[in-house]
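**Q** What follows is a predicted structure for the sequence shown.
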Amino acid sequence: MRFHNIQLLRVAAAIGVVLYHLECHAPQRIGIDFSWLRYGLIGGFPVPLFFAVSGFVLAQAVRTASPGRFLLARFLRLYPGYWLALVGVVVLMRLRVFTEYHRWLIYFINLTELTLWPAGPAGCTYLLGVEWSLVYEAFLSVALAGLRLFGARRGVPILSAVWLIAISVKMVFWPGYYFDPIPNWPTIALSVYNVPFLLGVLTYQLKDRGRKWRWAVLSAVVALLYVISTRPIQPELGWSCMGLAAAGAVWLAVTFSQVKESNPLARLGDCTYGLFLFHGPILLAVLYPASRLGWVGRVEVLWVAVVAAIGGGLLFGRLESALHSRLRPLAKVKPAEFKEWLVRIRTRIHVRPTLLRGLWRIGWGLLTFSTGPLIRVIRHFREPTHAPTDSPLPGHRSDRPRRQPHL
């Protein structure tokens with residue numbers, strides 16, 4: 001069963017993330033500060049809501065698939081769209097839409113970033129600005145597949161509860177320990193950032209219970225969000241309470257009457273992953289040129305940035321959703337069918353050699369487009385053919401004595 005109200009939560013969370021990142025970049029770029037965007041309901045709630053929704057949906061998906069197929073489905077959901085967003089931001093940086101510094105950042109992309117490997121703050125450079133959450137998503141997907149080995153109906157919820165208790169114990173006895181948004185392998189398992197996801201997994205077990213308490217739960221969620229947003233609170237405890245409120249919102253979305261599948265907001269829910277991925281580069285693509293043109297302090301720039309980020313992000317999300325709809329059937333393909341599919345693709349390429357040549361030209365063009373500056377830098381630092389006798393810098397390569405050939 002598909003819960004269409006979940007799509008509404010995704011849209012609300014994605015727009016909240018866009019507004020929060022607008023407040024992060026606008027004061028530095030154009031000198032406008034909307035402090036109300038840092039309000040806890042906007043600044044702290046969207047990402048825990050995303051995590052809780054993900055935990056709920058994956059708890060449902062892990063019941064109907066083996067661990068291997070579940071991981072394949074998660075790979076097809078997370079990585080192709082993420083790589084497509086990376087290609088888009090690399091093109092923007094290469095075209096100098098941001099700054100010269102960003103133009104050179106593309107050469108620091110490594111395998112750690114491409115695979116979302118938990119490497120810590122110094123392990124890699126994140127270009128989209130949201131990769132830290134994808135690191136947790138990938139890790140929790142693998143962890144949920146491991147819990148699936150102990151049973152989908154009992155093993156997953158019981159072990160998730162044990163995991164949640166372990167994090168709570170860590171919070172009590174070692175507060176602030178392992179509380180890093182950009183984790184590495186020793187810290188990611190006991191990080192408090194896992195709490196909303198685990199609460200979402202447990203919420204799935206309660207989706208058919210306690211419907212008569214819906215209005216009481218709604219009041220509790222609103223009160224909890226109000227307290228978190230207006231009172232000073234320890235960061236770990238605040239994140240955990242946000243996760244609890246997010247899990248409550250997911251449970252309420254499931255228990256109330258579902259909107260129709262044709263609802264426009266429900267249909268936009270399929271595009272929110274692309275919006276989440278690509279809204280940051282679009283915001284910067286508006287704010288950096290506005291700053292260079294001297295449009296500092298103009299509110300119109302913020303409106304243009306918000307509309308461009310949401311509209312362009314949804315268009316990118318539509319593209320990512322179409323790509324995922326094409327790739328999703330691969331998670332259900334049997335090995336024999338997959339082999340037959342590869343043979344069919346090979347036959348089509350053999351019949352249409354122009355397609356292969358076209359793909360080769362596109363790939364070679366992209367490679368040349370992205371590596372051209374690096375080649376020029378290498379040539380710049382190479383030893384010149386006719387080096388002057390007086391080198392401008394001591395210790396320069398042209399200033400070093402040359403080895404005489406043996407006669």
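**A** Structure's in. What do you need? These numbers come from a predicted model, not from an experiment. Residues are numbered from 1 along each chain as shown.
**Q** Low-confidence ranges, the stretch 251-400 of the chain, go.
**A** 335-339, 341-400 (pLDDT under 70).
**Q** Which residue ranges of it form helices?
**A** 264-268, 272-292, 299-327, 335-351, 353-381 (DSSP state H, counting those that start in this stretch).
**Q** Kindly report the same for the stretch 1-150 of the chain.
**A** Under DSSP H, counting those that start in this stretch, the stretch 1-150 of the chain gives helices at 5-29, 40-43, 46-61, 67-94, 100-105, 111-115, 131-148.
**Q** Just say which of those helices is most tucked in.
**A** helix 46-61 (a mean of 24; mean count of other Cβ atoms under 10 Å). (C-beta placed from N, C-alpha, C; glycine too.)
**Q** Quick one: distance of it to the chain centre.
**A** 14 Å (Cα atoms, centre = their mean, to the nearest Å).
**Q** That helix - contacts with which helices or strands?
**A** In terms of contacts (3 or more Cβ pairs under 8 Å, 6 or more residues apart in numbering; DSSP states H and E), helix 46-61 is packed against helix 5-29, helix 67-94, helix 131-148, helix 195-205, helix 235-255.
**Q** one more time with 10 Å
**A** helix 5-29, helix 67-94, helix 131-148, helix 155-173, helix 195-205, helix 235-255, helix 272-292 (3 or more Cβ pairs under 10 Å, 6 or more residues apart in numbering; DSSP states H and E).
**Q** out of the helices of the stretch 1-150 of the chain, nearest to V259?
**A** helix 5-29 (6.1 Å; Cβ to Cβ).
**Q** between that closest one and helix 299-327, how many degrees?
**A** 140 degrees (axes from the mean of the first three to the mean of the last three Cα atoms, to 10 degrees).
**Q** What's the mean pLDDT across helix 5-29?
**A** Confidence over helix 5-29 (mean pLDDT, whole number) is 88.
**Q** got a markdown table for the helices of the stretch 1-150 of the chain, with distance to S160 too?
**A** Formatted as a markdown table, the helices of the stretch 1-150 of the chain follow (distance: least, Cβ to Cβ, whole Å):
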| stretch | distance to S160 |
| --- | --- |
| helix 5-29 | 19 |
| helix 40-43 | 26 |
| helix 46-61 | 8 |
| helix 67-94 | 15 |
| helix 100-105 | 38 |
| helix 111-115 | 25 |
| helix 131-148 | 7 |
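**Q** Of all the ones you listed, which one is nearest L319?
**A** Closest among the helices of the stretch 1-150 of the chain, using Cβ to Cβ: helix 67-94, at 7.4 Å.
**Q** could you give me the average pLDDT of that closest one?
**A** 91.
**Q** residues in contact with S141?
**A** Contact analysis of S141 by Cβ atoms under 10 Å, 6 or more residues apart in numbering lists 54, 58, 61-62, 70-71, 73-75, 77-78, 197.
**Q** again, but for I310
**A** Listed by Cβ under 10 Å, 6+ apart, the contact partners of I310 are 14-15, 18-19, 275, 279, 282-283.
**Q** With T203 instead?
**A** Going by Cβ under 10 Å, 6+ apart, T203 touches 52-53, 55-56, 59, 246-254.
**Q** Out of these, flag the one nearest to R153.
**A** For those, the nearest to R153 is A59 (10.5 Å; Cβ to Cβ).
**Q** which ones are touching P264?
**A** V11.
**Q** That one and A216: what is the separation?
**A** 31 Å (Cβ to Cβ, to the nearest Å).
**Q** Over to R74?
**A** Relative to A216, and taking Cβ to Cβ, R74 is found at 35 Å.
**Q** cool, S66 as well?
**A** From S66 to A216 the distance is 39 Å (Cβ to Cβ).
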